[in-house]
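Peer 1: Curious how this folds, go ahead:
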Amino acid sequence: GAATTGVGGSILSVLYPFFPASHYDWISRLLGIVVLGGMGSLPGALIGAGILGLAETLTATYGSLAWSTLVFYVVIMAVLLFRPHGLFGARLREDAP
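Peer 2: Okay, the predicted model is just below:
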């Protein structure tokens, strides 16, 4: 896990510039992926990352680049409202609504 994180961070640092407040953008993206896929579901996280990446790219291409970062926040809100356990997440308790 640590080696994968190190390789991913190295590649990310070459592709994107870092500045003191850049973590807010990355945290929102990762939270959107986890919420959409479902907590603890690796296939859900992979599919959620694909869906959100495609949505961001389409918004930046056909809409505005400024609106593309809003896609993650809209997805977080929509998933939490309509399907709180995510696409592939399971309810932990039977009596939970």
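
Peer 1: buried ones in the top helix by length along the chain?
Peer 2: Longest helix of the chain, by residue count under DSSP state H: helix 42-62. By neighbour count with 16 or more other Cβ atoms under 10 Å, helix 42-62 contains the buried residues 44-45, 47-49, 51-52, 55-56, 59. Any C-beta I mention is one placed from the backbone N, CA and C, and that applies to glycine too.

Peer 1: could you dump those to CSV with pLDDT?
Peer 2: CSV is the format used below for the buried residues of helix 42-62 (pLDDT from 0 to 100):
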residue, pLDDT
44, 85
45, 85
47, 88
48, 86
49, 87
51, 87
52, 87
55, 87
56, 87
59, 90
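
Peer 1: tell me which of the residues you listed is nearest to residue 69?
Peer 2: Residue 69 lies nearest to residue 56 out of these, by Cβ to Cβ, at 7.6 Å.

Peer 1: circling back: now do the longest helix of the chain: distance to the chain's middle.
Peer 2: 8 Å (Cα atoms, centre = their mean, to the nearest Å).

Peer 1: neighbouring contacts of it?
Peer 2: 29, 32-38, 67-72, 75, 86-89 (Cβ atoms under 8 Å, 6 or more residues apart in numbering).

Peer 1: Following element in sequence after that helix, please.
Peer 2: Next along the chain after helix 42-62, taking DSSP states H and E as the criterion, comes helix 70-82.
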